[in-house]
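Q: Prediction below, plus the sequence it came from.
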Amino acid sequence: MHYVVATDGSTASDEAVAYATRHAVALGATLEIVHVLTPETELIDGEVIMPGDDTAFETGEQTVERAHRLAREEAGDADIEVRTELLTGRPADALTEYAEEVEADALYLGHRGLSTERERVVGSVAKSVLDKATIPVTIIR
């Protein structure tokens, strides 16, 4: 079995990592922690600029490494494989396409990430993942 869990460093995604880890331990599944880099572009003097490329990558690496440590702590002495991966693009598309590409058995994510935009019940990324996914999705609150 192969589970993919998305993290953005938020409390909700930390909960998703912990929950997915418990499932992976219980079923002996591989756990893959992913973070989506979403470069924001700016139009400066007629050119499209992607600011902070190195910073975005470094922050993404730190985010998945922190989640990896959390998963290892949650797993305790259990012998499960935990991997990390950085993705790029629109979060819902990147997550669902990647999960399909690696033939994941399930996808986990927090109900709301770090975005400043708020929706009443479930965040827009979580909603979009539910709409696009072809595998079971667990949204953690």
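A: On my side now, so go ahead.

Q: buried ones in stretch 86-106?
A: Across stretch 86-106, burial judged by 16 or more other C-beta atoms under 10 Å covers Leu87, Pro91, Ala92, Ala94, Leu95, Thr96, Tyr98, Ala99, Ala104, Asp105, Ala106. Glycine gets a C-beta too; all of them are placed from N, C-alpha and C.

Q: give me phi/psi at the first one?
A: In this case it means Leu87. Leu87 has phi and psi values of phi -120, psi 170 when expressed as degrees, to the nearest 10.

Q: pLDDT value on it, please?
A: pLDDT, Leu87: 93.

Q: State the distance from the closest residue to it other than its chain neighbours to Val36.
A: Nearest non-adjacent residue to Leu87, counting by C-beta to C-beta, 6 or more residues apart in numbering: Ala94, 4.2 Å away. Between Ala94 and Val36 the computed distance is 5 Å (C-beta to C-beta, to the nearest Å).
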